[in-house]
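1. task: produce atomic coordinates for the following.
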Amino acid sequence: MTPSRLKHRLAAALLVGLFSGCAQLYDPIDEAKIHFRSCLQSQISWQKQRQQFQNVLYRHHFGRGYRAGYLSVCQGGNGCPPTLPPREYWTSHYQDAVGRAQSVEWFNGFAEGALAAQMDGRDRFSEIVTSHAATGRGCRPETVYHFDPDQSSPYPGDVQRPYDESFPHSQWGDESRTFGLPPAPESPPDSFPSPLNEHGTDERGGRPEELFNDEPLRPLDLPLPPIDKHDLPETGTEPPIPNIDFHVDTRPDGRPKELTPTGFLSPEQESGEQLGSRINALFRKFF
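-> Below is the predicted model:
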């Protein structure tokens, strides 16, 4: 096989591999392209912002960290610095006070570069657009929207889709009595009771017991039995029965002769009678 024929066969095999969509050949090329573009963007950003860091002591190491942080965000990083600095900062050359200060400047530059990349919006370019980001949450399949990449919602203007329409469990209260509670009724502000004033009544002149219940009192649901007024005792027609003390008249032999009333008892006598009856009751209980 001649060298020219071998070159033609290799070129044909290369073209077949490219046009067949071979992932093993396409992925490294795409990753190299993304890395080169991110490095170029980090260099451009550092050239624009380096004048703001004139007071940094070790600006060379600060700039290296700045470009590394910017590159990390462009490639999908979250902006957090790594645990360890690059490999070259592990050598004995940086094992002194100056070397430690240079390592610290690298971390400071990394934080500033990551922040600059996020402010430039480079973190969004590494994300793949999904249907959720393009059509919004709970979008109806029959509705077509022309989504603007700079717009956070597919709906025009300030019109946003209600949040609870995309969840099927928002109707649990209607479908089942065991899940959810019915919504609370909305009452106008005029229906709330007025506060009580210093006289114990509300501002509308109502009674205090009407504060928590504006409905009038209703009769009992159960009917009461009929009452015969003739069977009820008459009140207020008879005088009260007085407390009468009886004096015992004895005969010469000591036997009682007869009981004669002496009149009403005084308050002192009534209290004495009550005290005596209590003492007798206690004496009988324990003895």
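2. hang on, Gly79 is in a strand, isn't it?
-> No: counting by DSSP: H, G, I helix; E, B strand; the rest coil, one finds Gly79 to be coil, located in no strand.
3. ends of stretch 79-92, what's the gap?
-> By C-alpha to C-alpha, to the nearest Å, the extent of stretch 79-92 from end to end equals 28 Å.
4. what's the mean pLDDT across that stretch?
-> For stretch 79-92, mean pLDDT is 90.
5. check which residues of it are buried.
-> Within stretch 79-92, the residues scored as buried using 16 or more other C-beta atoms under 10 Å are Gly79, Pro81, Pro85, Tyr89. Quick note: C-beta positions are derived from backbone N, CA and C, even for glycine.
6. swap in stretch 54-73?
-> Within stretch 54-73, the residues that qualify as buried are 56, 58, 61-73, counting by 16+ other C-beta under 10 Å.
7. go on, stretch 43-54?
-> Ser45, Trp46, Phe53.
8. mind putting those residues in TSV, distance to Met119, pLDDT and secondary structure included?
-> Shown next, in TSV, are the buried residues of stretch 43-54 (distance: C-beta to C-beta, whole Å; pLDDT from 0 to 100; DSSP: H, G, I helix; E, B strand; the rest coil):
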residue	distance to Met119	pLDDT	secondary structure
Ser45	10	92	helix
Trp46	14	91	helix
Phe53	16	88	helix
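9. between those, which is nearest Ile29?
-> The closest of the buried residues of stretch 43-54 to Ile29 turns out to be Ser45 (C-beta to C-beta; 25.0 Å).
10. next up, the contacts around the closest one.
-> Tyr66, Tyr70, Gly113, Ala116, Ala117, Asp120 (C-beta atoms under 8 Å, 6 or more residues apart in numbering).
11. tell me the one of those residues nearest His93?
-> For the contacts of Ser45, the closest approach to His93 (C-beta to C-beta) belongs to Tyr66, at 21.3 Å.
12. tell me the secondary structure for the closest one?
-> Secondary structure, three-state DSSP: Tyr66 is helix.
13. would you agree it is in contact with Leu115?
-> No: the pair Tyr66 / Leu115 is not scored as a contact, 9.8 Å apart, by C-beta atoms under 8 Å.
14. low pLDDT regions in this protein?
-> The model of the chain has pLDDT under 70 over residues 1-3, 5-7, 13-26, 132-225, 227-229, 231-272, 287.
15. could you dump the buried residues of stretch 79-92 to TSV with distance to Gln102?
-> TSV is the format used below for those (distance: C-beta to C-beta, whole Å):
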residue	distance to Gln102
Gly79	22
Pro81	15
Pro85	9
Tyr89	8
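16. name the nearest of those relative to Gly109.
-> Ranked by distance to Gly109 (C-beta to C-beta), the buried residues of stretch 79-92 are led by Pro81 at 9.7 Å.
17. what's the burial count for the residue nearest to that closest one when sequence neighbours are not counted?
-> Sequence neighbours aside, Phe110 is the residue nearest to Pro81 in space, at 4.7 Å (criterion: C-beta to C-beta, 6 or more residues apart in numbering). The burial count assigned to Phe110 is 25, neighbours taken as other C-beta atoms under 10 Å.
18. list the contacts of Phe110.
-> Taking C-beta under 8 Å, 6+ apart as the criterion, Phe110 is in contact with Gly65, Tyr66, Ala68, Gly69, Ser72, Pro81, Pro82.
19. and if you look at Tyr58?
-> The neighbourhood of Tyr58, defined by C-beta under 8 Å, 6+ apart, consists of Ala101, Gln102, Glu105.
20. mind running it again at 10 Å?
-> Arg64, Gly65, Val98, Ala101, Gln102, Ser103, Val104, Glu105, Trp106, Asn108, Gly109 (C-beta atoms under 10 Å, 6 or more residues apart in numbering).
21. just checking, the first one touches Gly109?
-> The reference is to Arg64. Yes: under the criterion of C-beta atoms under 10 Å, Arg64 is in contact with Gly109, at a separation of 6.6 Å.
22. which neighbours do these two share?
-> Shared contacts of Arg64 and Gly109 (C-beta under 10 Å, 6+ apart): Trp46, Tyr58.
23. farthest-apart pair in the buried residues of stretch 54-73, please.
-> Across those, no pair lies farther apart than Tyr58 and Val73, at 22.6 Å, counting by C-beta to C-beta.
24. pretty sure Tyr70 sits against Arg122.
-> Yes: at 7.5 Å, Tyr70 counts as touching Arg122 under the criterion of C-beta under 10 Å.
25. what sits in contact with each of these two?
-> Both Tyr70 and Arg122 are contacted by Ser38, Gln41, Ser42, Ser45, Ala114, Ala116, under the criterion C-beta under 10 Å, 6+ apart.
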